[in-house]
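J.: Next come a sequence and a model predicted from it.
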Amino acid sequence: MEFNKIRELLDRYWDGTSTLEEEEALRSFFSSDQADLPADLKEAQPLFSYFAAEADVPMPVFPDIEIPVTRTPERPVKQLVWQHWMKYAAVVLVAVGIGYAARQAEARHDRITAALSEQDTFDDPEKAFAVTQKALALLSRNLNKGTAQMQKLSYFNEATEKIKAN
């Protein structure tokens, strides 16, 4: 057989696409002594020689082993229920936890909706105006504190610029 055809068969063998007949042709080719094999084909020769040598080794025969199967005695249903009591307790605890979390979420939702639904409590417009003036005065006072701090910062920046310029 030509070496190029053997190379093709080897390539298909290594790719896993060879047929059984092609593999048998490779085994028979490499089992015969070839003195003038190229180096790339000499690498595969020991593998196929091993396959040919191991094909003649008989497989060991193991006696049939019988394993006696014993049935476990059946337990009463009541005993099975109590055997897994921790599983049932865990299910109950999870259910209680989910119920508690749902109740807390509902109470939180009720508090928020009650706070949002409160209407204006002032019936007298003059009283509402006085309360509004008081809130705006507080806001103005806090804004003026921030403006005073910004003026100090502005003064500090001007002094820093003068020092850098000199």
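T.: Structure's in. What do you need? Residues are numbered from 1 along each chain as shown.
J.: In PDB, list the C-alpha atoms belonging to the helix or strand harbouring Tyr13.
T.: Secondary structure here is read from DSSP states H and E; on that basis Tyr13 sits in helix 3-15. As requested, the backbone C-alpha atoms of helix 3-15 are provided in PDB (Å, rounded to 0.1, in the frame of the first residue of the first chain):
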ATOM      1  CA  PHE A   3       2.400   5.600   2.100                       C
ATOM      2  CA  ASN A   4       0.200   8.600   1.100                       C
ATOM      3  CA  LYS A   5      -2.900   6.400   1.400                       C
ATOM      4  CA  ILE A   6      -1.700   5.200   4.900                       C
ATOM      5  CA  ARG A   7      -1.200   8.900   5.900                       C
ATOM      6  CA  GLU A   8      -4.800   9.700   4.800                       C
ATOM      7  CA  LEU A   9      -6.100   6.700   6.800                       C
ATOM      8  CA  LEU A  10      -4.100   7.800   9.800                       C
ATOM      9  CA  ASP A  11      -5.400  11.400   9.500                       C
ATOM     10  CA  ARG A  12      -9.000  10.000   9.500                       C
ATOM     11  CA  TYR A  13      -8.100   7.700  12.400                       C
ATOM     12  CA  TRP A  14      -6.800  10.600  14.500                       C
ATOM     13  CA  ASP A  15      -9.900  12.700  13.700                       C
END
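J.: Who are the packing partners of it?
T.: helix 20-31, helix 39-42 (3 or more C-beta pairs under 8 Å, 6 or more residues apart in numbering; DSSP states H and E). Any C-beta I mention is one placed from the backbone N, CA and C, and that applies to glycine too.
J.: And Pro60, its phi and psi?
T.: Main-chain dihedrals, Pro60, degrees, to the nearest 10: phi -70, psi 150.
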